[in-house]
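[1] predicted coordinates and the sequence they were generated for:
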Amino acid sequence: MDGKGRAKDNIVIERFWRSLKYNEIYINDYNSPRETRHGVDSYIHLHNHYLPHQSLQNHTPAAVYNRDVILLSTCE
């Protein structure tokens, strides 16, 4: 965080961790580390493959990464 604009780089990952905590971890009562790991893995799969992201023009991260879709530039 020592460079100019570095705080903005963390916004995406901080938002992801907040979503993971509130949508998966806090609402489930895990009994073991194995169950927790399975729940987190399931949420990450859901997040990457099924939930559309507004910042990706309502596409999933997997679709953009695999180049199933091409994002249109909003800058002119």
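    Done, it's in.

[2] in what helix or strand does the residue nearest the centre of the chain lie?
    For the chain, the residue nearest the mean C-alpha position is Phe16 (4.4 Å; Cα atoms, centre = their mean). With elements taken from DSSP states H and E, the one containing Phe16 is helix 11-20.

[3] helices and strands around that helix, which ones?
    When contacts are defined as 3 or more Cβ pairs under 8 Å, 6 or more residues apart in numbering; DSSP states H and E, helix 11-20 sits against helix 33-49. (Glycine included, C-beta is placed from N, CA and C.)

[4] just the buried positions in the helix holding Phe16, please.
    Within helix 11-20, the residues scored as buried using 16 or more other Cβ atoms under 10 Å are Leu20.

[5] repeat for stretch 49-65
    For stretch 49-65, the buried set under the neighbour-count rule, 16+ other Cβ under 10 Å, comprises His53, His59, Thr60, Pro61, Ala63.

[6] what of stretch 22-36?
    Applying 16+ other Cβ under 10 Å to stretch 22-36 flags Glu24 as buried.

[7] distance from that stretch to the middle of the chain?
    Here stretch 22-36 shows a centroid-to-chain-centroid distance of 17 Å under the convention Cα atoms, centre = their mean, to the nearest Å.

[8] span of it from start to end?
    Terminal residues of stretch 22-36 are spaced 14 Å apart (Cα to Cα, to the nearest Å).

[9] pull the residues that contact it.
    Outside of stretch 22-36, the residues within contact range by Cβ atoms under 8 Å, 6 or more residues apart in numbering are Gly39, Val40, Ser42, Tyr43.

[10] list phi and psi for His59.
    Backbone torsions of His59, given as degrees, to the nearest 10, read phi -110, psi 160.

[11] what subset of the contacts of stretch 22-36 is buried?
    Under a neighbour-count criterion of 16+ other Cβ under 10 Å, the subset of these counted as buried comprises Gly39, Tyr43.

[12] just flag the most distant two among the buried residues of stretch 49-65.
    The largest separation in the buried residues of stretch 49-65, counting by Cβ to Cβ, is between His53 and Ala63 at 9.9 Å.

[13] no further queries at this time; thank you.
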